[in-house]
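S.K.: model the structure of this input:
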Amino acid sequence: MLVMLSTATFGIAQTSFDSGEGCLNVVDVSYVQGIGEYDDGGVSVNYLHETFINENFSIGPGIGYNHHEKYKFSAIPVYLSTHYFFFDRKFSPFVNLRVGGFTMFNRKNVGTNKKYSISKEKQGFSLFVSPSIGMKMHITPNIGIMASISEEAYLVKAFDTNNSNYKNKLIHGWGINVGMCFQIKGW
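M.R.: This is a model prediction of the structure:
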């Protein structure tokens, strides 16, 4: 009887993350479908570690892994992430912005002078930007599920078929993201 009562109480006690009590951690997986002339899709995995500024706003670093199908390279983006939760409740819509740079490796479609080819030359700054909008739902007071739709953009030196040379281009894709979020007390 005590177990049943404590389980019910635990499930309804707190329905939002507490600011000032630890940090928000998010692990998500994304399937990305390319959009636009310099489109590319693939699979992404990300980890974020954000600190709450108040009940609705958090900010912190993140790191990920992304594989691009058409351009045939992998990337490790390192970025600053921010979340704004519209409500301090069990269910809350949110917006998220991730901005940073990335390291490219496993490059296979290089210097072919064809569409979806990247330059052999070392690129300058590699920009990564990903805004998203989604929904958070708590399972327990400290664990939740997040689902969102994102737009990922990577700045690469891609082959421009109109001018027959390599130029800095943002390659875009729409992503469907699903992840777990949890709050670690004392961080």
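S.K.: okay, and the beta partners of Leu97?
M.R.: Counting by DSSP bridges, Leu97 is bridged to Thr82, Pro131.
S.K.: how about low-confidence regions in this protein?
M.R.: Along the chain, segments meeting pLDDT under 70 span 1-22, 186-187.
S.K.: quick one, strands of it?
M.R.: Ranges of strands in the chain, per DSSP state E, are 23-35, 42-52, 57-68, 73-85, 91-105, 127-140, 143-160, 165-184.
S.K.: adding mean neighbour count and distance to Tyr116, write the ones you listed out as a markdown table.
M.R.: No exception for glycine: its C-beta is placed from N, CA and C like everyone else's. Formatted as a markdown table, these follow (neighbours: other CB atoms under 10 Å; distance: least, CB to CB, whole Å):
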| stretch | mean neighbour count | distance to Tyr116 |
| --- | --- | --- |
| strand 23-35 | 19 | 10 |
| strand 42-52 | 19 | 12 |
| strand 57-68 | 19 | 9 |
| strand 73-85 | 19 | 10 |
| strand 91-105 | 17 | 14 |
| strand 127-140 | 18 | 19 |
| strand 143-160 | 20 | 7 |
| strand 165-184 | 18 | 9 |
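S.K.: reformat those as JSON lines; add distance to Ser119.
M.R.: Formatted as JSON lines, the strands of the chain follow (distance: least, CB to CB, whole Å):
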{"stretch": "strand 23-35", "distance to Ser119": "19"}
{"stretch": "strand 42-52", "distance to Ser119": "19"}
{"stretch": "strand 57-68", "distance to Ser119": "15"}
{"stretch": "strand 73-85", "distance to Ser119": "11"}
{"stretch": "strand 91-105", "distance to Ser119": "11"}
{"stretch": "strand 127-140", "distance to Ser119": "16"}
{"stretch": "strand 143-160", "distance to Ser119": "4"}
{"stretch": "strand 165-184", "distance to Ser119": "4"}
